[in-house]
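Chemist: Quick one: sequence and predicted model below, then my questions.
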Amino acid sequence: MSLTQKDIKKIAELARIKIDETEIDNIAQQLSGIMDWIDQLRNVDTSSVDNIPHPSSYMQEREDVVTETNQVEAILANAPVSKHQMFVVPKMVE
């Protein structure tokens, strides 16, 4: 696929990219090469390739079970400041 200078200018306008007039021919050549490569990929026969399943289709779910109880003191030991069994954080809204 061959892109013209007009095509490149339109693409740059849509992408809100400012390109120098001297770069247009080089960019057109590079983008045309990319479009040719995409056309080659379209012609690859993938009929014998299985679809990749979605990860959630083979993930095993497990029961949500509490394994360690009453860890408040151990958890709050990590906090720089705690009060009333809660983390104290700086005020964000004034």
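Modeler: Looks like it arrived, so ask away. Quick caveat, the model's predicted, so the values are computed rather than measured.
Chemist: Could you look up the SS state of residue 18?
Modeler: Put simply, residue 18 is coil when judged by DSSP: H, G, I helix; E, B strand; the rest coil.
Chemist: so how far is residue 12 from it?
Modeler: 7 Å (C-beta to C-beta, to the nearest Å). (C-beta placed from N, C-alpha, C; glycine too.)
Chemist: Between the two, which has more neighbouring residues?
Modeler: Shown here are residue 18 and residue 12; by other C-beta atoms under 10 Å, residue 12 has more neighbours (15 against 7).
Chemist: Tell me which helix or strand that one sits in.
Modeler: Secondary structure assignment for residue 12, by DSSP states H and E: helix 5-15.
Chemist: For the helix or strand harbouring residue 29, buried residues please.
Modeler: Residue 29 belongs to helix 24-42 when assigned by DSSP H and E. For helix 24-42, the buried set under the neighbour-count rule, 16 or more other C-beta atoms under 10 Å, comprises 24, 27, 28, 31, 32.
Chemist: and the residue nearest to the fourth one when sequence neighbours are not counted, what does it touch?
Modeler: Yep, that's residue 31 we're talking about. Nearest residue to residue 31, sequence neighbours excluded (C-beta to C-beta, 6 or more residues apart in numbering): residue 3, at 5.3 Å. Contacts for residue 3 (C-beta atoms under 8 Å, 6 or more residues apart in numbering) come out as 11, 28, 31, 32, 35.
Chemist: Tell me the one of those nearest residue 78?
Modeler: residue 11 (52.2 Å; C-beta to C-beta).
Chemist: In three-state terms, label residue 75 for me.
Modeler: helix.
Chemist: got the CA positions of stretch 5-21 in PDB?
Modeler: Output of stretch 5-21 as PDB, limited to C-alpha atoms (Å, rounded to 0.1, in the frame of the first residue of the first chain):
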ATOM      1  CA  GLN A   5       1.900  13.100   1.000                       C
ATOM      2  CA  LYS A   6      -1.800  14.100   1.400                       C
ATOM      3  CA  ASP A   7      -2.400  10.800   3.400                       C
ATOM      4  CA  ILE A   8       0.500  11.600   5.700                       C
ATOM      5  CA  LYS A   9      -0.600  15.100   6.300                       C
ATOM      6  CA  LYS A  10      -4.200  13.900   7.100                       C
ATOM      7  CA  ILE A  11      -2.800  11.200   9.500                       C
ATOM      8  CA  ALA A  12      -0.600  13.800  11.200                       C
ATOM      9  CA  GLU A  13      -3.600  16.100  11.500                       C
ATOM     10  CA  LEU A  14      -5.800  13.500  13.000                       C
ATOM     11  CA  ALA A  15      -3.100  12.400  15.400                       C
ATOM     12  CA  ARG A  16      -2.300  16.000  16.200                       C
ATOM     13  CA  ILE A  17       1.300  15.500  15.300                       C
ATOM     14  CA  LYS A  18       3.300  18.300  13.800                       C
ATOM     15  CA  ILE A  19       5.700  17.000  11.100                       C
ATOM     16  CA  ASP A  20       8.100  18.900   9.000                       C
ATOM     17  CA  GLU A  21       7.500  19.100   5.200                       C
END
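Chemist: Right, I'll leave it there.
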